[in-house]
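Peer 1: Here's my sequence, what's the structure:
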Amino acid sequence: MVTQMSNVKSAVNENMLTRVEEVYITPEVAKNWLALNHNFRRLDTKRARYFAQQIRHGGWQMNGETIKFDAAGNLIDGQHRLQACVIAGVPFRSLVVWGAISDLHVDTGKPRNFSDVLNSRGESNAHVLAAGLRLLHRHLSGSMRSVSIDTKASHGQYSRSLRRTRKSD
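Peer 2: Sure, this is the predicted structure:
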């Protein structure tokens, strides 16, 4: 079920309870929800373009991260994901929290890099392996001289490269 923007404030204000639901977010819904973004940090367009690339190429999966609205219906977390949806022109599914407490600090954690992912999988020398996979990806994409948002790989792309490399051994 897609909750329309007009329903956001009324759904949240009626019962003042926190509610979580899975929502199919279209670019139109994302654009409408971005209009409810009143107190956000500045948009990092580079990050939004990177997320858009992942959405466009099917690398975006629902992983438990949420889009959050406070009790007044204001968007308080998810601006980059929503902007990416608009840029990509591709819908995605996400958990949405309605009625979250707005004064909580959001997105303050350090982003997980690929060596963190490899380490959590029990890989030896995760930092070295991640660096090697980044170089391999840059070489194969013809981008050894510069790193741009268009040549940056996702954790999923690095994982697939690692699996292919191990199969060829």
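Peer 1: pretty sure residue 83 contacts residue 43?
Peer 2: Yes. In this structure residue 83 lies within contact range of residue 43 using CB atoms under 8 Å: 6.2 Å. All C-beta spots, glycine's among them, are computed from the backbone N, C-alpha and C.
Peer 1: and the two? which has more neighbours close in?
Peer 2: For residue 83 versus residue 43, neighbours defined as other CB atoms under 10 Å are more numerous around residue 83 (22 against 13).
Peer 1: How about the contacts made by the spatially closest residue to the more buried one that is not a sequence neighbour?
Peer 2: Take residue 83 and drop its neighbours on the chain: the residue closest to it by CB to CB, 6 or more residues apart in numbering is residue 48, 4.1 Å away. For residue 48, the contacting residues are 80, 83-84, 87, by CB atoms under 8 Å, 6 or more residues apart in numbering.
Peer 1: Following the record's annotation, map out the domains of this protein.
Peer 2: 5-100, 114-167 (automatic domain parsing).
Peer 1: now those domains in a markdown table, with mean pLDDT?
Peer 2: What follows is the domains of the chain, written out as a markdown table (pLDDT from 0 to 100):
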| stretch | mean pLDDT |
| --- | --- |
| domain 5-100 | 85 |
| domain 114-167 | 76 |
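Peer 1: Quick check: which of the ones you listed is buried the most?
Peer 2: Comparing these by mean neighbour count (mean count of other CB atoms under 10 Å), domain 5-100 ranks first with a mean of 17.
Peer 1: need the strands for this protein, in chain order.
Peer 2: Under the criterion DSSP state E, the chain contains strands at 19-25, 66-70, 75-77, 92-100.
Peer 1: Tell me which of the ones you listed sits nearest to residue 159.
Peer 2: strand 92-100 (19.8 Å; CB to CB).
Peer 1: Paired strands for that closest one, with orientation please.
Peer 2: strand 19-25 (antiparallel), strand 66-70 (parallel) (DSSP bridges).
Peer 1: Export these to TSV and append columns for distance to residue 133.
Peer 2: Listed next are those as TSV, based on distance: least, CB to CB, whole Å:
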stretch	distance to residue 133
strand 19-25	31
strand 66-70	29
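Peer 1: Would you quantify the distance from residue 19 to residue 115?
Peer 2: Shown here: residue 19 relative to residue 115, a distance of 37 Å by CB to CB, to the nearest Å.
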